[in-house]
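Asker: here is a sequence together with a model predicted from it:
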Amino acid sequence: MRVKFSKMHGLGNDFVMLDGISQKIKLTPEKIRRLADRCLGVGCDQVLLVESPRTPEADFRYRIFNADGSEVENCGNGARCFARFVRERRLTGKKRLRVETAAGILLLKVLDSDRVSVDLGAPVLEPEQIPFSADRRADSYPLEINHETFTIGAVSMGNPHAVLLVEDVTEAPVDRLGPLLECHPRFPQKVNVGFLQIDSRDEAQLRVFERGVGETRACGTGACAAMVYAHLRGLVNDEVRIQLPGGALTIHWSGPGQPVTMSGPTTTVFHGQIIL
Ligand SMILES: N[C@H](CCC[C@H](N)C(=O)O)C(=O)O
């Protein structure tokens, strides 16, 4: 099957975007892994599939697949690229979009030729909904890894995130702790792992070891989850500029029950066709 795609990225977190409305596309985990393979396929962190909505209150539905073939609930950088993609593909002319994901409906606003803001709704903090096993909800949790105890935040943006505070992100044990935490038994659906350095009440730096991928150059939901954790601990203001290896995102959150919004750039790299 010959399939058209667009290669896009949000701050270096890269995607193969597929229009499943104008094309009949049948994805399997094996096809996703091949598409994402940087030698055998196009190469990307996630494959994003655009579909018609299942509910009348949404303009589109989009599905998110990690490079390992797993389908997941949310992708912040992907949502911004989605908004640009559907307009470039002339699937809509709207600048305000409601898109269905497995995590619920996201509200997207196209700000200019490449910047998009996303309202991701309120973060989920109840452990059993993250999901994360803990006796009760807390702002932070002790977690044992190989006989060492760490203090983490646990937040869901529709997808699960663990966050650790570090003094220096460049020295953070991403390669050592990332894989151990990603598959920690207290996160039954695995977890994305953020390493957060707070520089001031409105600036921070973050690296993310993503579930199903490994370290990426940026993670939108990871930036949201990290900001929420820092805010819960009273360490940052309601708006924070988060610097990731691929660039910066602006995250806004004013407290529990309130929506998290993220704004940042999108890039279309090339269009192509692939035999799936
Ligand atoms: N790896 C994530 C999905 C992609 C999230 C990230 N690329 C973003 O921009 O939010 C997960 O398994 O939940």
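Answerer: Cool, the structure landed.
Asker: can you map out the strands along the stretch 151-276 of the chain?
Answerer: Per DSSP state E, counting those that start in this stretch, the stretch 151-276 of the chain carries strands over the ranges 160-165, 192-200, 203-210, 214-216, 239-244, 247-252, 261-265, 267-275.
Asker: got it, and the stretch 1-150 of the chain?
Answerer: Under DSSP E, counting those that start in this stretch, the stretch 1-150 of the chain gives strands at 2-10, 13-19, 46-51, 60-66, 71-72, 96-101, 104-110, 115-119, 141-145, 148-156.
Asker: which residues of the protein lie near the ligand?
Answerer: 13, 45-46, 64, 66, 72, 75-78, 159, 192, 210-213, 216, 219-222 (C-beta under 6 Å from any ligand atom). The C-beta positions use only the backbone N, C-alpha and C, and glycine is treated the same way.
Asker: so which of the strands of the stretch 1-150 of the chain is the most packed in?
Answerer: Of the strands of the stretch 1-150 of the chain, the one with the most neighbours on average (mean count of other C-beta atoms under 10 Å) is strand 13-19, at a mean of 25.
Asker: could you pull up the mean pLDDT of stretch 10-22?
Answerer: Averaging pLDDT along stretch 10-22 gives 98.
Asker: thinking again about what came up before, nearest to residue 258 among the strands of the stretch 1-150 of the chain would be which one?
Answerer: strand 115-119 (10.5 Å; C-beta to C-beta).
Asker: and the angle for the closest one with strand 261-265?
Answerer: Between strand 115-119 and strand 261-265, the angle comes out at 160 degrees (axes from the mean of the first three to the mean of the last three C-alpha atoms, to 10 degrees).
Asker: what's near enough to touch residue 251?
Answerer: Taking C-beta atoms under 8 Å, 6 or more residues apart in numbering, we find residue 251 in contact with 223, 224, 227, 239, 240, 242, 260, 261, 262.
Asker: redo that, cut-off 6 Å
Answerer: Neighbouring residues of residue 251 by C-beta atoms under 6 Å, 6 or more residues apart in numbering: 223, 224, 227, 240, 242, 262.
Asker: what about residue 75, how many neighbours?
Answerer: Applying other C-beta atoms under 10 Å, we find 31 residues neighbouring residue 75.
Asker: an error on my part: the question was meant for residue 125.
Answerer: For residue 125, the neighbour count with other C-beta under 10 Å is 20.
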